[in-house]
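Student: Curious how this folds, go ahead:
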Amino acid sequence: MAVADRIREKLSSGLAPLRLEITDDSHKHAGHAGARPGGESHFTVEVVSGAFEGLSRVERQRLVYRLLEEEIAGPVHALALRTIAPSERR
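Tutor: A predicted model of the protein is given here:
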């Protein structure tokens, strides 16, 4: 299974997001530290979830990191997060 698919599966299961966008930015980091020849090493994730209500930005990121522990320990070198509670949407 592709790394992006595993990220989608785990965040969907763990956060029941209203919106989830995953962007593979690996092509922007080719030749840099942590870049893999096949890509799937650098991601931007934007997630809107009720699970974030009442949590600080740091608590939200820790929640995502816990859900993606295996990916962060393995193929994912960099993960840019935008974590949004539904009450913050415009």
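Student: Wasn't residue 76 part of a helix?
Tutor: No. With DSSP: H, G, I helix; E, B strand; the rest coil as the criterion, residue 76 is located in coil rather than a helix.
Student: Identify the residue spatially nearest to residue 70, adjacent ones excluded.
Tutor: Excluding the flanking residues, the one nearest residue 70 by CB to CB, 6 or more residues apart in numbering is residue 6, at 8.0 Å. From N, CA and C alone the C-beta is placed, and that goes for glycine too.
Student: and that neighbour, helix, strand or coil?
Tutor: Secondary structure assignment for residue 6 (three-state DSSP): helix.
Student: from what I can see it touches residue 72, true?
Tutor: No. In this structure, residue 6 is not within contact of residue 72 by CB atoms under 8 Å, at 11.4 Å.
Student: Please enumerate the helices of this structure.
Tutor: Ranges of helices in the chain, per DSSP state H, are 3-15, 57-67, 69-73.
Student: which strands and helices sit next to the second one?
Tutor: For helix 57-67, the elements it packs on are helix 3-15, strand 78-84, judged by 3 or more CB pairs under 8 Å, 6 or more residues apart in numbering; DSSP states H and E.
Student: will you turn the ones you listed into a markdown table that also has distance to residue 64?
Tutor: Formatted as a markdown table, these follow (distance: least, CB to CB, whole Å):
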| stretch | distance to residue 64 |
| --- | --- |
| helix 3-15 | 7 |
| strand 78-84 | 6 |
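Student: For the helices of the chain, state which one has the densest average packing.
Tutor: For the helices of the chain, the largest average neighbour count (mean count of other CB atoms under 10 Å) is found in helix 3-15, namely a mean of 17.
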